[in-house]
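A.B. asks: dropping the sequence and predicted coords here.
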Amino acid sequence: MKTYRDLIVWQKAMALVTVIYKVTKSFPRREDYGITSQIRRCAVSIPSNIAEGYGRHSRNEYIRFLQIALGSLYELQTQLEIAVNLEYLKKEDFDSLYESTREVERMLSVLIKRLTEGSGKGAEGQRVR
């Protein structure tokens with residue numbers, strides 16, 4: 001693996017950000033600095049922390065940034081649920097987005113576990129630094 005861009009989990013997180021931006025376009029304008037901004041920021045934080053952690057030259061720092069990405073993912077899941085409760089997001093859209101977040105969550109969890117165990121293999125068996 002040459003770069004963090006080769007990580008499937010990073011690719012999936014980037015795709016999730018794109019969908020999040022498209023979906024939140026329909027949120028009320030009065031929420032531009034509220035939940036819309038909050039959802040977008042934590043979505044962007046996921047692939048950003050994966051990339052930043054990858055760029056660190058320490059396994060422990062990499063794990064720490066992956067854990068931060070996972071925390072941002074949990075925050076995103078919570079905020080999407082709030083958006084459904086406020087009727088800014090349709091239930092069908094939530095279900096699809098939630099499944100995408102769960103996929104990224106599973107991949108991050110595997111990557112963190114493998115790095116913690118020191119096997120040197122990441123999600124999808126990809127070699128990690």
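C.D. replies: Good, I have the coordinates.
A.B. asks: now the spatially closest residue to residue 91 that is not a sequence neighbour: how far from residue 96?
C.D. replies: Ranked by C-beta to C-beta, 6 or more residues apart in numbering and with sequence neighbours excluded, the top spatial neighbour of residue 91 is residue 84, at 6.1 Å. All C-beta atoms are positioned from the backbone trio N, CA, C, and that covers glycine. To residue 96, residue 84 is 12 Å away according to C-beta to C-beta, to the nearest Å.
A.B. asks: which one of those two has more residues nearby?
C.D. replies: When neighbours are counted by other C-beta atoms under 10 Å, residue 84 comes out ahead of the other of residue 84 and residue 96, with 17 against 13.
A.B. asks: what sits against that one?
C.D. replies: Shown here is residue 84, whose contacts under the criterion C-beta atoms under 8 Å, 6 or more residues apart in numbering are 90, 91, 94.
A.B. asks: can you select the buried ones among these for me in ChimeraX?
C.D. replies: Applying 16 or more other C-beta atoms under 10 Å to the contacts of residue 84, the buried members can be selected in ChimeraX as follows:
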select :94
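A.B. asks: which helices and strands sit right next to the helix or strand that residue 106 is a member of?
C.D. replies: When secondary structure is defined by DSSP states H and E, residue 106 falls within helix 91-117. In terms of contact count using 3 or more C-beta pairs under 8 Å, 6 or more residues apart in numbering; DSSP states H and E, helix 91-117 is assigned the packing partners helix 8-24, helix 59-85.
A.B. asks: no further questions, thank you.
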